[in-house]
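A.B. asks: Make a model of this:
(one chain, ligands or ions: 2)
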Amino acid sequence: MSRPDDRGGSEPEAPMTPNDPAAPVRGVRVHCVLVAAGSGTRLGDRGPKAFVELAGRPLLAHALEGLARSGVVDSIVVVGPAGRIPDADAASRSALASAGWTGPLAVVPGGSTRQGSVVAGLAALDDLAAPDETDVVLVHDAARCLTPGAQIRDVVEAVVGGHGAVIPVVPVTDTLKRVGEASADGTEPVTATVDRAVLRAVQTPQGFTCAVVRSAHEFGAERAGDESLAATDDAGLVEAAGGQVVVVPGSMEALKVTTPWDLRVAELIVAGR
Ligand code: CTP
Ligand code: MG
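C.D. replies: Ligands and ions are numbered 1, 2, ... in the order given. Below you'll find the model as predicted:
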């Protein structure tokens with residue numbers, strides 16, 4: 001399973017297409033649910049994050065082009081903001097066409113939580129591609145719009161290699177403290193220093209066999225409607241259901257664009273490509 005080592009560097013100039021003989025994963029169908037239905041509150045008053053521009057193109061377009069250029073994704077469901085589906089559909093088709101990707105695409109409205117949006121995406125995937133239980137399903141944040149193709153392929157390869165649930169992670173570099181309740185003057189007391197050596201920051205795409213991600217979402221279904229209970233990632237649902245999750249290396253370029261600062265970092269990454 002040789003592949004171009006483009007982690008953190010430039011993507012290959014000619015996009016690999018599904019079933020390209022150079023693609024690292026042959027004979028296995030790979031589907032992606034790309035969640036892009038969030039409101040982008042922490043990015044400021046710019047409207048839904050999927051349409052916020054980075055280097056002149058929407059974050060959603062960058063994310064889709066990254067998936068297309070990974071060369072391993074056969075079908076894609078975009079979960080977009082409920083009131084903006086025609087815009088999400090147009091932006092998605094345009095981005096994928098410019099990347100030379102011609103697979104099945106569906107664009108559907110999301111839910112009130114990320115977990116709810118993934119559920120909507122998985123339902124649409126059933127209609128779009130009727131995945132087999134052993135197919136690979138990636139769940140990816142559109143907000144991680146610059147994720148390198150190598151990271152996407154590494155996750156797929158680990159699922160194909162026999163792991164039912166795979167997540168890309170990076171080490172934690174800051175020293176971490178646990179804090180207690182704030183006192184009357186608003187300051188929070190430190191109660192412990194946490195051992196960061198055993199901690200990882202989690203990225204996407206997260207990869208699963210179709211059977212694993214389906215059953216995890218069925219198991220956690222009652223949490224999906226409540227932001228305070230909903231899972232912030234899909235692997236968390238697998239863990240809650242008693243399943244095993246393994247990690248592969250992620251990358252700094254797969255940062256989640258959350259704040260205006262992140263958007264500035266993303267602009268620098270694009271400028272450096
Ligand atoms: N997401 C989604 N549906 C939701 C909430 C989030 O599809 N109801 C998606 C976002 O579009 C994003 C990913 O989940 O791609 C991670 O969410 P986050 O970074 O929190 O994005 P937002 O929810 O848009 O941002 P904020 O929390 O600042 O409003
Ligand atoms: Mg959010």
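
A.B. asks: use CA for all of it now, contacts and neighbours both
C.D. replies: OK.

A.B. asks: Residues of the stretch 101-250 of the chain that sit close to ligand 1?
C.D. replies: The stretch 101-250 of the chain comes close to ligand 1 at residues 110-114, 117, 141-143, as judged by C-alpha under 6 Å from any ligand atom.

A.B. asks: Just the buried ones from those, in PyMOL syntax?
C.D. replies: To isolate the buried members of these in PyMOL, using 16 or more other C-alpha atoms under 10 Å:
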select buried, resi 110+111+112+113+114+117+141+142+143
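
A.B. asks: could I get the residues of the stretch 101-250 of the chain next to ligand 1 as JSON lines with distance to residue 261, secondary structure and pLDDT?
C.D. replies: As requested, those are exported to JSON lines (distance: C-alpha to C-alpha, whole Å; DSSP: H, G, I helix; E, B strand; the rest coil; pLDDT from 0 to 100):
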{"residue": "110", "distance to residue 261": "26", "secondary structure": "coil", "pLDDT": "98"}
{"residue": "111", "distance to residue 261": "27", "secondary structure": "coil", "pLDDT": "97"}
{"residue": "112", "distance to residue 261": "25", "secondary structure": "coil", "pLDDT": "96"}
{"residue": "113", "distance to residue 261": "24", "secondary structure": "coil", "pLDDT": "97"}
{"residue": "114", "distance to residue 261": "22", "secondary structure": "helix", "pLDDT": "97"}
{"residue": "117", "distance to residue 261": "26", "secondary structure": "helix", "pLDDT": "98"}
{"residue": "141", "distance to residue 261": "18", "secondary structure": "strand", "pLDDT": "98"}
{"residue": "142", "distance to residue 261": "17", "secondary structure": "coil", "pLDDT": "98"}
{"residue": "143", "distance to residue 261": "13", "secondary structure": "coil", "pLDDT": "98"}
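
A.B. asks: In the protein, what residue spans correspond to strands?
C.D. replies: For the chain, the strands defined by DSSP state E cover 30-35, 53-54, 57-58, 75-80, 105-109, 136-141, 165-171, 176-179, 190-194, 200-202, 206-209, 246-249.

A.B. asks: tell me the contacts of the residue nearest the centre of the chain?
C.D. replies: When the chain is reduced to its mean C-alpha position, the closest residue under C-alpha atoms, centre = their mean turns out to be residue 140, at 1.8 Å. Applying C-alpha atoms under 8 Å, 6 or more residues apart in numbering, we find residue 140 in contact with 32-35, 204-206.

A.B. asks: Of those, which is the most crowded?
C.D. replies: Neighbour counts for the contacts of residue 140 peak at residue 205, which has 30 neighbours (criterion: other C-alpha atoms under 10 Å).

A.B. asks: one step back: which non-adjacent residue is nearest the residue nearest to the centre of the chain?
C.D. replies: Excluding the flanking residues, the one nearest residue 140 by C-alpha to C-alpha, 6 or more residues apart in numbering is residue 205, at 4.2 Å.

A.B. asks: hmm, back to that, out of the contacts of residue 140, who's nearest ligand 1?
C.D. replies: residue 35 (3.9 Å; C-alpha to the nearest ligand atom).

A.B. asks: beta partners of that closest one?
C.D. replies: Here residue 35 shows beta-bridge partners residue 79, residue 141, assigned using DSSP bridges.

A.B. asks: pretty sure it is touching residue 142, no?
C.D. replies: Yes: using C-alpha atoms under 8 Å, residue 35 is in contact with residue 142, at 5.8 Å.
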